[in-house]
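Student: sequence plus the predicted model coming up.
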Amino acid sequence: MSGSLTGAALLRDATANRGTAFSEAERDALGLRGLLPPAVETPERQVARVIDNLKRQASDLDRYCWLMALRERSELLFQRALLDHLAELLPLVYTPTVGQACQQFGRIFQAPRGLYVTARDRGRVRELLRRWPAGPVRAIVVTDGSRILGLGDLGANGMGIPIGKLDLYSACGGIAPGSCLPVMLDVGTDNATLRDDPFYLGLRQPRLQDDDYDALLEEFVSAVQECFPGVLLQFEDFSNRHAFALLARYRERLCCFNDDIQGTGAMGLAAVNSALRITGGKLTGQRLLFVGAGEAALGIATMVKAAMVAQGLSLEQARERCWLLDTQGLLVAGRPGLPAHKQPHAQPRAPLADLEQAISVLQPTVLIGASGMGQLFSQPVLHALARHCERPVVFALSNPTAKAECSAQQAYEWTEGRAIFAAGSPFAPVELAGRTLVPGQANNAYIFPGVGLGLLASGATRVSDAMFFAAAAALAAQVKDADLASGRIFPGQDRLREVALAVAVAVATTAWRDGLATQPRPDDPELAILASMYRPGYPACAA
Ligand SMILES: NC(=O)c1ccc[n+]([C@@H]2O[C@H](COP(=O)([O-])OP(=O)(O)OC[C@H]3O[C@@H](n4cnc5c(N)ncnc54)[C@H](O)[C@@H]3O)[C@@H](O)[C@H]2O)c1
Ligand SMILES: O=C(O)C[C@H](O)C(=O)O
Ligand SMILES: [Mg+2]
């Protein structure tokens, strides 16, 4: 409850307002009688009204707007509805609808949320952070809006992403919304259409470059450390121009990680291992072809190779089993202009430019799309894959839905139902030849909320690679035989909170084992972490 608010002020305070769920006694004690309709409702009835209202909206973007407006009236009811209807509401507050919301951000804007640190704030970033009213802040998700899903540079419109990610921190990771802070680092945008849009809300200037960019980031991270000691900082949807460098620069300085590289890496490794439970193959026997060689692909490739090495292959042998193809063709040694982060993935062989040709020559058993280019996995591409592979594993990781390398229907149809398919955005089950095939949602949402919870529960000072391996193993262990029987290599979205708890226990246990924790290890970590998780309940008000 927000302190001693009463009457109309209490109803206007979104963090304290319970609307029609205020009891008779609370209405008397808090000066609410007369300000509410007489019915006293249960939270369940309030949630039912939310769902009923959502059904009557014309589009998913309208539903998104309705939910954001609800949150401005009652954070508690918003969180409760999200938790009680996770699988149903996830595609609205998160991928794919959040992508549309970002594209339309300036148009659908109702009320500010989170913190905006801009290129004009050099020298006063600390002051801005101290201005944040809620607290104490425990988790920050920050973006500079430069690579929002597969939608490119959306500038300040990208604020929808940190907001959506933190909604999952609360709903799945049980981290209280009051301790979560979404941050938009508005360094300008190179998206000229946006800069000319009359409703655009960000700085209308080109992106900061080089030293100016680095200086703002440095001031921001230093201010975060000073104002919110012990906070977890998640980098999200930064373009690869900066993402790898920022991670390298800051991972030894504070508790931070890059979700698109590391969270996706853990999710991808778990997904491949789960698919192998269906095919019966061994990880060390697979040949993987990544289409796209950016954050997501390199994050997964790095983890898969390390897992192969842990299972007995030499690094050289592991490298020979992971191929990456980007806009310039296959990553091969000596290719001019290869950036540092791609070099460890380049192979000593002749160049190949074409995807279909690469499939015929390399004969992958696992095809992973992380290109941000919709429909790259065409019928000829999937035919070529299915020609040499009995049970091809196909992941179309690019978000939102229109950017997926292929749809579930296409993946199954063009491989005669033999593909094991998962995608970054949700796809409905597909009926094929009398069978119902259920695609999994291969999204880092299965990793980052649990990682965040585990880091906070252990008071981790740094985020290690070992934590992501532990997270991947914990996620894989949550996939049941019944999931696999339907073709789904992930737990259902309705189990995301359970999955987050399992991932959190694995991450915290790693922190305690490796001396990276500042919180004492409880006798029963699972019980203790579960007990620490935020639930949008309605305890009696201190009347
Ligand atoms: N499902 C998930 O959990 C998840 C996680 C992270 C990223 N993603 C999605 O993956 C996509 C890529 O994200 P990223 O951070 O890796 O971006 P990125 O910009 O770092 O990488 C994109 C890569 O794709 C390559 N590419 C583009 N067009 C191509 C083409 N026609 N053929 C071959 N390669 C091509 C680029 O050269 C680059 O290497 C985005 O759509 C993002 O939404 C999904
Ligand atoms: O946001 C998502 O849905 C996953 C991922 O972080 C992405 O950038 O696409
Ligand atoms: Mg992302």
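Tutor: Nice, I can see it. Ligands and ions are numbered 1, 2, ... in the order given.
Student: next, count neighbours for the residue of the chain found nearest ligand 2.
Tutor: Nearest residue of the chain to ligand 2 (CB to the nearest ligand atom) works out as residue 95 at 3.3 Å. Every C-beta, even on glycine, is put in place using the N, C-alpha and C of the backbone. By the measure other CB atoms under 10 Å, the count of residues near residue 95 is 22.
Student: surely it is in contact with residue 398?
Tutor: No. With contact defined as CB atoms under 8 Å, residue 95 does not reach residue 398; the gap is 10.5 Å.
Student: so what sits against both of those two?
Tutor: Counting by CB atoms under 8 Å, 6 or more residues apart in numbering, the common neighbours of residue 95 and residue 398 are 149, 424.
Student: in this protein, which strand is the longest?
Tutor: Of all the segments of type strand in the chain, defined by DSSP state E, the longest one is strand 180-186.
Student: do that strand and ligand 2 meet at all?
Tutor: No. Under the criterion of CB under 6 Å from any ligand atom, ligand 2 is not reached by strand 180-186; the shortest gap measures 13.3 Å.
Student: beyond that strand, next helix or strand please.
Tutor: Counting by DSSP states H and E, the next helix or strand C-terminal to strand 180-186 is helix 192-195.
Student: now that next one: buried residues?
Tutor: Neighbour counts using 16 or more other CB atoms under 10 Å place 194-195 of helix 192-195 among the buried residues.
Student: pLDDT (mean, whole number) over that helix?
Tutor: Helix 192-195 shows a mean pLDDT of 98.
Student: now the element after it, going C-ward?
Tutor: Next along from helix 192-195, by DSSP H and E: helix 210-227.
Student: what does the next helix or strand after that following helix contact?
Tutor: Per DSSP H and E, the first helix or strand lying C-terminal to helix 210-227 is strand 232-235. Contacts to strand 232-235, defined as CB under 8 Å, 6+ apart, come from residues 138-143, 165, 221, 224, 243, 246-247, 250, 254-260, 448, 452, 455-456, 460.
Student: now the buried members of those.
Tutor: Here, 16+ other CB under 10 Å leaves 138-143, 165, 221, 224, 243, 246-247, 250, 254-260, 448, 452, 455-456, 460 buried among the contacts of strand 232-235.
Student: which residues of this protein lie near ligand 2?
Tutor: So the chain meets ligand 2 at 95, 149, 237, 259-260, 399, 424, 443-444 (CB under 6 Å from any ligand atom).
Student: just the strands from the stretch 1-150 of the chain, written as ranges.
Tutor: 115-118, 139-143 (DSSP state E, counting those that start in this stretch).
Student: name every strand pairing with the longest one and say which way it goes.
Tutor: Which is strand 139-143. Next to strand 139-143 in the sheet, as set by DSSP bridges, lie strand 180-186 (parallel), strand 232-235 (parallel).
Student: now those strands in JSON lines, with distance to residue 430?
Tutor: Putting the strands paired with strand 139-143 into JSON lines (distance: least, CB to CB, whole Å) gives the following:
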{"stretch": "strand 180-186", "distance to residue 430": "35"}
{"stretch": "strand 232-235", "distance to residue 430": "33"}
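Student: near ligand 1, which residues of this structure show up?
Tutor: 147, 149-150, 240, 260, 264, 267, 291-297, 325-327, 370-373, 376, 397-399, 403, 424, 442-444.
Student: interface residues of the stretch 151-300 of the chain facing ligand 3?
Tutor: 237, 260 (CB under 5 Å from the ion).
Student: looking at the stretch 151-300 of the chain, what residue ends up closest to ligand 1?
Tutor: For the stretch 151-300 of the chain, CB to the nearest ligand atom, closest residue to ligand 1: residue 294, 1.8 Å.
Student: distance check, that residue against residue 468.
Tutor: 18 Å (CB to CB, to the nearest Å).
Student: more neighbours, those two?
Tutor: When residue 294 and residue 468 are compared for neighbours, residue 468 comes out ahead with 29 against 22, by other CB under 10 Å.
Student: so what's that one up against?
Tutor: Applying CB under 8 Å, 6+ apart, one finds that residue 468 lies in contact with 257, 262-263, 265-266, 303, 447, 451.
Student: show me the residues you listed that map onto strands.
Tutor: Residues from those lying in strands, with DSSP E as the criterion: residue 257.
Student: circling back to that earlier point, ok, and what's touching the longest strand of the chain?
Tutor: Strand 180-186 has contacts (CB under 8 Å, 6+ apart) with 113-119, 132, 134, 137-145, 155-156, 158-159, 162-163, 165-166, 169-170, 202-203, 216-217, 220, 228.
Student: stretch 425-440 too?
Tutor: The contact list for stretch 425-440 (CB under 8 Å, 6+ apart) reads 90-91, 95-96, 271, 399-401, 404, 407-409, 411-413, 417, 421-423, 441, 443, 483, 486-490, 493.
Student: out of the residues you listed, list just those in strands.
Tutor: Among the contacts of stretch 425-440, the members falling in strands (DSSP E) are 421-423, 441.
Student: the stretch 401-543 of the chain: helices as residue ranges?
Tutor: For the stretch 401-543 of the chain, the helices defined by DSSP state H, counting those that start in this stretch occupy 408-413, 448-458, 465-477, 481-485, 496-513, 525-532.
Student: helices and strands around the second one, which ones?
Tutor: Judged by 3 or more CB pairs under 8 Å, 6 or more residues apart in numbering; DSSP states H and E, the packing partners of helix 448-458 are helix 160-171, strand 232-235, helix 465-477, helix 496-513, helix 525-532.
Student: from residue 372, how far out is residue 144?
Tutor: Distance, residue 144 to residue 372, by CB to CB: 17 Å.
Student: which one's more surrounded, those two?
Tutor: residue 144 (33 against 19).
Student: and the more buried one, how far from residue 242?
Tutor: Applying CB to CB to residue 144 and residue 242 gives a distance of 7 Å.
Student: show me this structure divided up by domain.
Tutor: With domains defined by automatic domain parsing, the chain comprises 7-93, 111-254, 262-442, 446-518.
Student: just name the most buried of those domains.
Tutor: domain 446-518 (a mean of 22; mean count of other CB atoms under 10 Å).
Student: and it, how far from the chain's centre?
Tutor: In terms of CA atoms, centre = their mean, to the nearest Å, the centre of domain 446-518 is found 14 Å from the chain centre.
Student: then stretch 390-405 to CSV, C-alphas only?
Tutor: Only the C-alpha atoms of stretch 390-405 are listed here, as CSV (Å, rounded to 0.1, in the frame of the first residue of the first chain):
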residue,chain,number,x,y,z
GLU,A,390,14.8,-37.8,-41.7
ARG,A,391,13.8,-35.5,-38.7
PRO,A,392,15.2,-32.0,-39.4
VAL,A,393,15.2,-29.6,-36.5
VAL,A,394,14.0,-26.2,-37.7
PHE,A,395,14.0,-23.0,-35.5
ALA,A,396,12.6,-19.8,-36.9
LEU,A,397,13.7,-17.5,-34.1
SER,A,398,13.2,-14.1,-35.7
ASN,A,399,10.5,-11.9,-34.2
PRO,A,400,7.8,-10.7,-34.5
THR,A,401,5.7,-13.2,-36.4
ALA,A,402,6.1,-11.6,-39.9
LYS,A,403,9.9,-11.9,-39.5
ALA,A,404,9.9,-15.6,-38.7
GLU,A,405,12.0,-17.5,-41.3
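Student: skip the chain neighbours and tell me the closest residue to the residue in the stretch 1-150 of the chain that ligand 3 sits nearest to.
Tutor: As assessed by CB to the ion, ligand 3 sits closest to residue 149 within the stretch 1-150 of the chain, at 6.6 Å. Counting by CB to CB, 6 or more residues apart in numbering, residue 149 lies nearest to residue 399, which is 4.3 Å off, once chain neighbours are set aside.
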